[in-house]
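Peer 1: After the sequence you'll find the predicted model.
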Amino acid sequence: MTLRNGEIADLFDLLGDLYELDGAVVYRVLAYRRAAKRFRETAESVWTLSEQGRLTELDDIGDTIATKVGELRETGTMAALEKLRGRVPESLVEIVRLPGLGAKTARRLWQELGITTLAELELAAREGRLQGQAGFGERKEQQLLAQLEAGAAPRKRVFRLDQALELARTVLEPLRAHPACERADEAGSLRRRAESVGDVDVIAAATDGPALTAWLIEQPFVAEVLGHGTTKASILTHNGVQLDLRVVPLASYGNLLQHFTGSKGHNVRMREDAQRRGMSISEWGIEDTESGEVFRTPDEDEVYRHLGYQPIPPELREDNGELELARANELPELVEPADIRGDLHLHSDWSGDGKHSLLDVVEAVRARGHSYMAITDHSGGVGMGIGLEPDDVRRQIEAVHRVRETLDGFELLAGCEVDIMGDGSLYLPDDVMAELDWVVASLHVAQRQGADRITKRLIAAAEHPSVDVIGHPSGRLIGKRDGYDFDVEALVEACADHGTFLEINSQPHRLDLRPAHARLALAAGVKLVISTDAHRLSALDYQELGVFMARRAGATRDDIVNARPLAELAALRKPGRVAQAATRASISKS
Ligand SMILES: [Zn+2]
Ligand SMILES: [Zn+2]
């Protein structure tokens, strides 16, 4: 028996959930969940790493976890898991994993009402038996029922863009170097840089197709071969992503790449448009209906040109009016990863959740080729026992000034990620914020308030004279929660009126603003900031993900605040902020 990474991860998640239901200390539960996450994201086989005694080479995996995986290999289970299964009904886990319910509530439902399954919970809610019990009011009971009816069972797993990109890179690099390979590209939603993908599509042209499909199924990341022929192979990786490789003729490579990139909506509209112009499109070529001549090309751009369009970047192919723009030669010139010059949302070890010192962060950001950055550790109010109090903020500003003196040709801004509190106020006093060079206002607490209150809080932050940008505005976590309910149009309007920027947060589980909302912001003239929000140095790599979201929204370099030199930023900022900066400069000179 060999378990796949996803299966091992599921067991560790189960272990964490059962421990939590049993009332174990938090750090232990977190350690199991972190391990599960790490296993799921590891491309190599965790089973094999364990056999080779190399498991602790992975981040977040210590001896305790490694020993447990060893136990799993030898006995088929873990003693701790079996012991917990004897104490806590396993079906409670389904209840814990419902959005909005935690271990505490699930435990009370079990101990006070004897509820251990989803079906029992639904019945009890339907009969109104939860009200006044186990921390349930009438409203919460109704919410739960609505969720259950909407099928709010634990969600299907999604693969994030960063994971899909990494897999595609792992495959494409050696594939392109293969002697039989003429061309190879990713296709599908990954090539369009969708925030999450169902599977990864790769297409290739080859002098010897069967050699490529045979090569693929032999690769170390393959956990299971789902299908294998001379022109197509489908495999499952150890972290549970399905990858399909199709080998196609070089002569039609451009047509097929265009076809398999999609989106469906884009392709349908393009076909209809072509028909009106006497052409018929298939994946293999474009036929002139009158002459019967078929146009085939290895070059995808030529497909668009033949049809009378500008070549359309894959990120825009979502049937959002891009064909009309391309017809009129009016496609926006999209921002590129290389256009980004600074990073304006970064954490250090000052606020307790960042992993690295201020100096290390500065060095790393600088090494990326950026010319400026803002350090924006959390203010208090964010919970979790972290965050800076006003005095800490002042001390950090001084520390920033000291570091700044040692820097040549790189600008360091003193900033803060200030929490938007439940009542719509900001955690830091106004005079402290006025001392900061850069203020990100973000909402982390009281996310379950109704849409009205959340919207009011965000708008109040956007209207504040010291706030430069609203961080991760929707609060969504990809694959976990959709984000709080709020009126995005009202927020965009407030930002437009007050000169506040909106952030595209590049963390792969956030990518927030999402492209549809970023589009609204751009249409209203609101500028965007693409930030990494890195808490560890490796997360600086994520900036390109934010750029991809901006591209999906149709953003140009001009639309992105941090695609400009710092000196040009002042012209975009709130007049109040510029005045504050002038005061700060005169104070520091005197
Ligand atoms: Zn945040
Ligand atoms: Zn942050």
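Peer 2: The structure has been received and is ready for your questions. Ligands and ions are numbered 1, 2, ... in the order given.
Peer 1: low-scoring stretches of the protein, by residue?
Peer 2: Along the chain, the parts satisfying pLDDT under 70 run over 1, 99-100, 150-158, 587-590.
Peer 1: Could you show which parts of it are in contact with ligand 2?
Peer 2: With CB under 5 Å from the ion as the criterion, the chain comes near ligand 2 at residues 417, 533. (Each C-beta comes from the backbone N, C-alpha and C, glycine too.)
Peer 1: let's go with 8 Å and repeat that
Peer 2: Taking CB under 8 Å from the ion as the criterion, the neighbours of ligand 2 within the chain are 345-347, 376, 378, 417, 440, 442, 471-472, 505, 533, 535.
Peer 1: could the residues you listed be laid out in CSV, adding secondary structure, neighbour count and distance to residue 523?
Peer 2: Below are the residues of the chain next to ligand 2 laid out as CSV (DSSP: H, G, I helix; E, B strand; the rest coil; neighbours: other CB atoms under 10 Å; distance: CB to CB, whole Å):
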residue, secondary structure, neighbour count, distance to residue 523
345, coil, 27, 24
346, strand, 29, 29
347, coil, 24, 31
376, coil, 30, 27
378, strand, 26, 32
417, strand, 29, 27
440, strand, 29, 23
442, strand, 25, 24
471, coil, 28, 21
472, coil, 25, 21
505, strand, 28, 20
533, coil, 24, 25
535, coil, 20, 32
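Peer 1: Kindly indicate which of the residues you listed lies nearest residue 35.
Peer 2: Of all the residues of the chain next to ligand 2, residue 35 sits closest to residue 535, with 18.7 Å by CB to CB.
Peer 1: residue contacts, that closest one?
Peer 2: With contact set as CB atoms under 8 Å, 6 or more residues apart in numbering, residue 535 has these partners: 347, 353, 354, 355.
Peer 1: Now with 10 Å, please.
Peer 2: By CB atoms under 10 Å, 6 or more residues apart in numbering, the contact list for residue 535 reads 346-349, 351, 353-356, 361, 377-378, 507.
Peer 1: cool, and residue 42?
Peer 2: Applying CB under 10 Å, 6+ apart, the residues contacting residue 42 are 5, 8, 9, 49, 55, 58, 59, 61, 237, 238, 239.
Peer 1: What is the neighbour count of the third one?
Peer 2: Using other CB atoms under 10 Å as the criterion, residue 9 is surrounded by 25 other residues.
Peer 1: can you give me the helices in the stretch 351-500 of the chain?
Peer 2: Here the stretch 351-500 of the chain has its helices, by DSSP state H, counting those that start in this stretch, at 358-367, 390-405, 430-434, 451-463, 488-498.
Peer 1: Tell me which of the ones you listed sits nearest to residue 31.
Peer 2: With CB to CB as the criterion, residue 31 lies closest to helix 358-367 of these, at 24.9 Å.
Peer 1: May I see the buried residues of the closest one?
Peer 2: 358, 361, 362, 364, 365, 366 (16 or more other CB atoms under 10 Å).
Peer 1: roughly how far is that helix from the heart of the chain?
Peer 2: Here helix 358-367 shows a centroid-to-chain-centroid distance of 23 Å under the convention CA atoms, centre = their mean, to the nearest Å.
Peer 1: Likewise for stretch 526-536?
Peer 2: Here the centre of stretch 526-536 is set off from its chain's centre by 12 Å, with CA atoms, centre = their mean.
Peer 1: So which of the contacts of residue 535 is the closest to residue 262?
Peer 2: Nearest to residue 262 among the contacts of residue 535 is residue 507, at 25.8 Å by CB to CB.
Peer 1: what sits against that closest one?
Peer 2: For residue 507, the contact set (CB under 10 Å, 6+ apart) comprises 160, 162, 345, 472, 477-478, 531-535, 539, 542, 545-546.
Peer 1: Out of the residues you listed, give me the two with the largest separation.
Peer 2: Of all pairs drawn from these, the greatest distance, 19.2 Å, lies between 160 and 345 (CB to CB).
Peer 1: which SS state does whatever residue of the stretch 151-300 of the chain ends up closest to ligand 2 fall under?
Peer 2: Across the stretch 151-300 of the chain, the shortest distance to ligand 2 (CB to the ion) belongs to residue 162, at 17.4 Å. Classification of residue 162 using DSSP: H, G, I helix; E, B strand; the rest coil returns helix.
Peer 1: Give me the distance between it and residue 539.
Peer 2: 10 Å (CB to CB, to the nearest Å).
Peer 1: Repeat that for residue 560.
Peer 2: When distance is defined by CB to CB, residue 560 is 19 Å away from residue 539.
Peer 1: Look at these two and report which has more neighbours.
Peer 2: A direct count of neighbours by other CB under 10 Å for residue 560 and residue 539 places residue 560 higher, at 22 against 18.
Peer 1: Quick check: that one touching residue 332?
Peer 2: No - counting by CB atoms under 10 Å, residue 560 does not reach residue 332; the two are 12.0 Å apart.
Peer 1: if I pick the closest residue to residue 192 other than its chain neighbours, what's in contact with it?
Peer 2: Using CB to CB, 6 or more residues apart in numbering and skipping the chain neighbours, the partner closest in space to residue 192 is residue 314 (4.8 Å). For residue 314, the contact set (CB under 10 Å, 6+ apart) comprises 185-193, 257-258, 261-263, 266, 300, 548, 551-552.
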